[in-house]
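Enquirer: Take a look and give me a structure for this.
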Amino acid sequence: MPGTLGRATIEVTSKYSASNIESVHVLVPEEIETFLAIARFGSLGAAAEALHASQSTVSYRLQALERRMGQRLVERARGDKRTTLSTAGENFLAVAERWEDLAEETRRIRNRHHVPVRIGAADAIAIHVLPPVLRELAQDPTAPRITVETATGPVVSDRVALSHLDVGFVFFERVHADLRVEPVATSEMRLFLARGFETGAVDGHPVSLQDLRLDREVRLPWGPDLLAWRQRFPWAEPLAEVAKAFALWPFLQAPDVWAVAPAFLAADLVERTGCTVHPVVEDPPARTIYRITHRKPRATIAHAVRTVERTWARVASQVGRSGTGLHLVDGREA
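Expert: Modelled structure (predicted):
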């Protein structure tokens, strides 16, 4: 894929060899992706985290790219972790972004399919919220091909910012210059008590955390605001800390175990564990589900992303029909 930067003619290759590894006429995809991550995240450390690579690997790729171009592309002040693009880097950014678009278009042509929409979501959202949307897309012969992956909220957000994902659904509002973040639904937090809990609380009746053994809690990282709320109570080591909602299943079948989780998990947890569900007297903050997309989506996937957004709007009433514990942000039950 030839292009130009000043007087230098460049080509893109995915192969290294002893004869061309330092050639100014060859660009390597991993180096371009690394440069784009540094430009978008503003530091080598943040780029390394987003790319799931070590900072030394990111630094090596950047240095190799700069040797290849014969110019410094990124300015790094001594003692300052932040980076800025040099004038040459600003010029090369346009080339790198065009390469990114061309690489995606090449993959689309090679696969001879509709441009895929890559959706990422927190596991609880993927399992309990998105199925009606995915079913609708699967039944629509004109809909794009879909790929779905689950990850933590920060990872999903970073991958959308890097254009590795096209649409993300997460529980927190990530502030990033390249991201468009929209709240789409909310869910109150509820208390889930293992069946036969010693308090004898009646299903559906409010329960105070003051009446519970704090060392029998199973805790999930629902967000910093919920952590701040939790700190209002005496500190105790929980029975367990888990990263995925489905890990609650075995614990809630043990005596006197409890957890605080979004209300949209209720139907599944009750069916699997026989637990009871209660409002919390101390009123924990509700969870908000945010949809995140790139502010400047690649032209090859912009239409497909709009298809996903329209599908969400069309099936919103199924996503959280009465009793599911979800509400649209405009106040309608979702």
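
Enquirer: Show me where the chain dips below the pLDDT cut-off.
Expert: Along the chain, segments meeting pLDDT under 70 span 1-26, 105, 107-115, 197-203, 299-300, 316-324, 330-334.

Enquirer: So which residues of it form helices?
Expert: Counting by DSSP state H, the chain has these helices, from start to end: 29-41, 44-51, 55-69, 87-111, 123-128, 131-139, 153-161, 224-230, 248-251, 266-273, 299-319.

Enquirer: possible to save those helices as CSV with mean neighbour count and distance to Gly196?
Expert: Bear in mind the C-beta positions are built from the backbone N, C-alpha and C, glycine included. CSV is the format used below for the helices of the chain (neighbours: other C-beta atoms under 10 Å; distance: least, C-beta to C-beta, whole Å):
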stretch, mean neighbour count, distance to Gly196
helix 29-41, 22, 50
helix 44-51, 21, 44
helix 55-69, 17, 51
helix 87-111, 15, 53
helix 123-128, 20, 25
helix 131-139, 15, 31
helix 153-161, 23, 34
helix 224-230, 14, 25
helix 248-251, 18, 14
helix 266-273, 16, 11
helix 299-319, 17, 33
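
Enquirer: and of those helices, who's closest to Phe169?
Expert: Nearest to Phe169 among those is helix 123-128 (4.7 Å), distances taken as C-beta to C-beta.

Enquirer: and that closest one, what does it pack onto?
Expert: strand 146-150, strand 167-170 (3 or more C-beta pairs under 8 Å, 6 or more residues apart in numbering; DSSP states H and E).

Enquirer: residues making contact with that helix?
Expert: By C-beta atoms under 8 Å, 6 or more residues apart in numbering, the surrounding residues in contact with helix 123-128 are 148, 150, 169-171, 244-246, 262, 264-265, 268, 289.

Enquirer: CA atoms only: put it into CSV for me.
Expert: Extracted C-alpha coordinates of helix 123-128, given in CSV (Å, rounded to 0.1, in the frame of the first residue of the first chain):
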residue,chain,number,x,y,z
ASP,A,123,-19.7,-9.6,30.9
ALA,A,124,-22.9,-8.9,32.9
ILE,A,125,-24.1,-6.6,30.2
ALA,A,126,-23.3,-9.1,27.4
ILE,A,127,-25.1,-11.9,29.2
HIS,A,128,-28.1,-10.2,30.6
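
Enquirer: Highest mean neighbour count out of the helices and strands packed on helix 123-128?
Expert: strand 167-170 (a mean of 26; mean count of other C-beta atoms under 10 Å).

Enquirer: and that strand, which strands flank it?
Expert: Strand pairing for strand 167-170, using DSSP bridges, gives strand 117-121 (parallel), strand 287-294 (antiparallel).

Enquirer: Any idea which of these gets closest to Gly89?
Expert: When the strands paired with strand 167-170 are compared (using C-beta to C-beta), the closest one is strand 287-294, at 20.6 Å.

Enquirer: by how many degrees do the closest one and helix 153-161 diverge?
Expert: Interaxial angle, strand 287-294 versus helix 153-161 (axes from the mean of the first three to the mean of the last three C-alpha atoms, to 10 degrees): 20 degrees.

Enquirer: residues in contact with the closest residue to Trp99 other than its chain neighbours?
Expert: Leaving aside its sequence neighbours, Trp99 sits nearest to Ile32 (C-beta to C-beta, 6 or more residues apart in numbering; 5.6 Å). Contact partners of Ile32, counting by C-beta under 8 Å, 6+ apart, are 12, 65, 96, 99-100.

Enquirer: if we can go back for a sec, relative to Pro206, which of the helices of the chain is closest?
Expert: The closest of the helices of the chain to Pro206 is helix 266-273. By C-beta to C-beta, the value is 15.0 Å.

Enquirer: that older thread, would you format the strands paired with strand 167-170 as a markdown table with distance to Gln139 and mean neighbour count included?
Expert: Below are those laid out as a markdown table (distance: least, C-beta to C-beta, whole Å; neighbours: other C-beta atoms under 10 Å):
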| stretch | distance to Gln139 | mean neighbour count |
| --- | --- | --- |
| strand 117-121 | 15 | 24 |
| strand 287-294 | 21 | 22 |
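
Enquirer: May I see those arranged in a markdown table, with distance to Gly223 as well?
Expert: Converted to a markdown table, those look like this (distance: least, C-beta to C-beta, whole Å):
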| stretch | distance to Gly223 |
| --- | --- |
| strand 117-121 | 15 |
| strand 287-294 | 7 |
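
Enquirer: Great, nothing more from me.
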